[in-house]
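**Q** Here you go, sequence then predicted model.
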Amino acid sequence: MDITFSHTTSLALIRAWRRSHPRQGPPQDQTFHPTCTGRSRPWTSAELKRRMQAIGIQEIPGAWMKRGLTVLCSDKAGRPKTQILRGRVSRPRPKGQYFLELAPATYVCNAALTLTQLTERLSLPQLISLATELEGSYALGPFGIAGEQANFSIKPFVNKDVLLLQLLQLPQSRATRLATRAAILSRPNAWSPQEAVLATMIMLSPGEGGYGLGPVTLNPRIQSSGGLPMTRSSRVPDIVFDDTPLALNYDGSDHLNLIGLERATLGLGADPGSSRMAAVVEQLRQQVRKKYVDDRRRDRDLLVAGLEVPVVTNEDISGIDALDLLMAQLIARLERLVGRRFNTQRAALEDPRLTALRAQTLQELLARHKSR
């Protein structure tokens, strides 16, 4: 029996599928599948668990089971008569291929339809960040709860141009217009959640809770220019301000694995005669130093290629005061580099009302992303 999950359940399953299929693109879009219709017996927890496990979710949190998993139905009569599932009737019915079969007879809404459905729950900044995630090479935890870690180095789930086309083909409404706005402001090729946070804050206008300093490009590969030597043939800055010589690199709290080195050193202190622990400490120390040296060479390589690349840390985006300071510095540097004033952006930094809006936006974004 077919079943089509939707809304937050669809997103959870998409994230789980991406994590369990890191090198695979999404299945081919298919047409509408009626669900939970004409079923002679109710859906059981065991059967739903089996369906979830086939996609990559081994255990469904109790809170999710209590409030029910959302499924899409073709009509009211087809709604499931069980507390485990919450039936939603799709109106208007999407005309086209908007569903993905992630496991046998188990479907989810595709990226465009899921993004549109989630306009009921998410703000514009959160929708932008979600679109950036689906277009990027990482996936957050399926259920958005404490303790879930992001997965990295996975294949993007949707191409931005395809996402925009599918949104335009959906029946137009306030929800599709908001989802389309989010997709327009999204930035493809994000490698981490924190890049998505930064890019979203940069792209949003001051009146929408951001800084209005876009557009930006994420993780472009920069080749050496002018025949000047580089220590590597190419480098990849995290965020580049388009049509400017300014970029950013983000170094998370575990960028140099200092915590690992600290733990190993404490272990050696507790057992000073251990040759094994001494070797571990030395190996980690060399790794930290090697990474530090490569970072500095990366900065020089990008400077040779024509880019200034200041480093942003996790602490720089942990609160609005620190992020406002960073953006004020970037505005000053952009003005010198491009030869024009950013008066609107400067005024927004001094406006208490807009500062409060930025603080709220940043809090919303950080609540859904783990530091890295």
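**A** Here it is on my side, so go on.

**Q** Give me the distance from the helix or strand hosting Lys66 to the chain's centre.
**A** Using DSSP states H and E, Lys66 sits in helix 62-67. Using C-alpha atoms, centre = their mean, to the nearest Å, the mean C-alpha position of helix 62-67 is found 24 Å from that of the whole chain.

**Q** Summarise which helices and strands the helix or strand following it is packed against.
**A** For helix 62-67, the following helix or strand on the C-terminal side (DSSP H and E) is strand 69-73. With contacts taken as 3 or more C-beta pairs under 8 Å, 6 or more residues apart in numbering; DSSP states H and E, strand 69-73 sits against strand 3-5, helix 7-20, strand 85-89. For the C-beta atoms, the positions are set from N, CA and C on the backbone; glycine is no exception.

**Q** Can you say which of the ones you listed is packed in most?
**A** strand 3-5 (a mean of 27; mean count of other C-beta atoms under 10 Å).

**Q** Which stretches in the chain count as helices?
**A** Under the criterion DSSP state H, helices of the chain are mapped to 7-20, 45-55, 62-67, 111-117, 124-134, 160-169, 174-185, 193-203, 258-270, 275-304, 320-338, 343-350, 352-367.

**Q** For the last one, C-alpha coordinates in CSV please.
**A** As requested, C-alpha coordinates have been extracted for helix 352-367 and formatted as CSV (Å, rounded to 0.1, in the frame of the first residue of the first chain):
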residue,chain,number,x,y,z
PRO,A,352,17.5,49.6,17.4
ARG,A,353,14.4,48.2,15.8
LEU,A,354,16.4,46.5,13.0
THR,A,355,19.0,45.3,15.5
ALA,A,356,16.2,43.6,17.5
LEU,A,357,14.9,42.0,14.2
ARG,A,358,18.4,40.8,13.3
ALA,A,359,18.9,39.3,16.8
GLN,A,360,15.6,37.4,16.4
THR,A,361,16.6,36.2,12.9
LEU,A,362,20.0,35.0,14.1
GLN,A,363,18.4,33.2,17.0
GLU,A,364,16.0,31.4,14.8
LEU,A,365,18.7,30.3,12.4
LEU,A,366,21.1,29.2,15.1
ALA,A,367,18.4,27.2,16.9
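
**Q** relative to helix 124-134, how tilted is it?
**A** Helix 352-367 and helix 124-134 meet at an angle of 40 degrees, taking axes from the mean of the first three to the mean of the last three C-alpha atoms, to 10 degrees as the criterion.
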